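# Got a predicted structure here, sequence first:
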Amino acid sequence: MTADDFGTGFQDFLDRLSIGFFRTSIEGQLIHGNRCVAKMFGFDSFEQMKNYPVSHFYTNKKDRGRLIQTLAESGKVEDRRIEFRRRDDAPIWCSVTASGVVDDEGNLVFIDGAVRDITHIVKSRQERLRRERLQGVLEMAGGVVHRLNQPLTVVNNLLNELLSDTPPGSAMSNKLLQIREQVQKLNDIARKIGNIRKYKSMDYVAGVKIVDIDGAS
């Protein structure tokens, strides 16, 4: 059911609501909508918004294909979370509830739906996950440093004893100094791990991310 079914009065009613309503064609043309959905996506009016194809607002174009597939199979979608983009390309997360409108032959021709801006909810969840991830990193860092410190201390003491018994400038002395240099690097890494105060990752290989020790400490 659309604004045309009720006339101007119903459109005025839709425009006063704080939730976005829309109708689109399967081909991706915006047909009807209210003021809220226009404002949500950065437009002054729906008349401005309808000049854009629906696909323009999807961050991931496959999300629209999945939406249409679900509507074709079950006739409706309830509270599906989809990431869109506003007129200025800023991201916006929305909860979409929609139903399909079919023709006399049962073909899906329109999508009628309601959309709510849930960006603040999604960001809140992302922030909570970030804090949980950071807590996990801090706990791991504390355990690693605790386990490293004792053997590194022993190795440093042994190296100092060996160096004191080895003639300076000898081949053995030079090798021991090289070993101590590497042990000092391990000490530095352990110190940085112990100083981690935020979560920061870096690309490793094959799409894997690891903690950026220098950036996080």
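Thanks, I have it. Worth saying up front: this structure is predicted, and the values here are computed from it rather than measured. Residues are numbered from 1 along each chain as shown.
# where's residue 191, which helix or strand?
In the assignment (DSSP states H and E), residue 191 maps to helix 171-194.
# and the closest residue to residue 209 other than its chain neighbours, backbone torsions?
Closest residue to residue 209 apart from its sequence neighbours, by CB to CB, 6 or more residues apart in numbering: residue 201 at 4.3 Å. The C-beta positions use only the backbone N, C-alpha and C, and glycine is treated the same way. The phi/psi pair for residue 201 (degrees, to the nearest 10) reads phi -110, psi 170.
# circling back to that earlier point, and the contacts of the next helix or strand after the helix holding residue 191?
Downstream of helix 171-194, the next assigned helix or strand under DSSP H and E is strand 201-203. With contacts defined as CB atoms under 8 Å, 6 or more residues apart in numbering, strand 201-203 is touched by 209, 210, 211, 212, 215.
# Run through who's touching whichever helix or strand comes after strand 201-203.
Proceeding N to C from strand 201-203, the next assigned helix or strand is strand 209-211, under DSSP H and E. Identification of contacts with strand 209-211 by CB under 8 Å, 6+ apart yields 137, 196, 199, 200, 201, 202, 203, 204.
# Between the residues you listed, identify the one with the most neighbours.
Each of the contacts of strand 209-211 was scored by neighbour count (other CB atoms under 10 Å); the top score is that of residue 196, with 22 neighbours.
# which of the residues in stretch 183-202 are buried?
Of the residues in stretch 183-202, those buried by neighbour count under the rule 16 or more other CB atoms under 10 Å are 183, 187, 189, 190, 192, 193, 194, 196, 199.
# Is it possible to get TSV of those residues that adds pLDDT and distance to residue 42?
Below are the buried residues of stretch 183-202 laid out as TSV (pLDDT from 0 to 100; distance: CB to CB, whole Å):
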residue	pLDDT	distance to residue 42
183	90	57
187	88	53
189	87	47
190	87	49
192	86	43
193	85	44
194	84	46
196	80	39
199	72	31
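# which residue ranges form the helices in the protein?
With DSSP state H as the criterion, the chain has helices at 3-6, 8-15, 35-40, 46-49, 62-74, 119-164, 171-194, 213-216.
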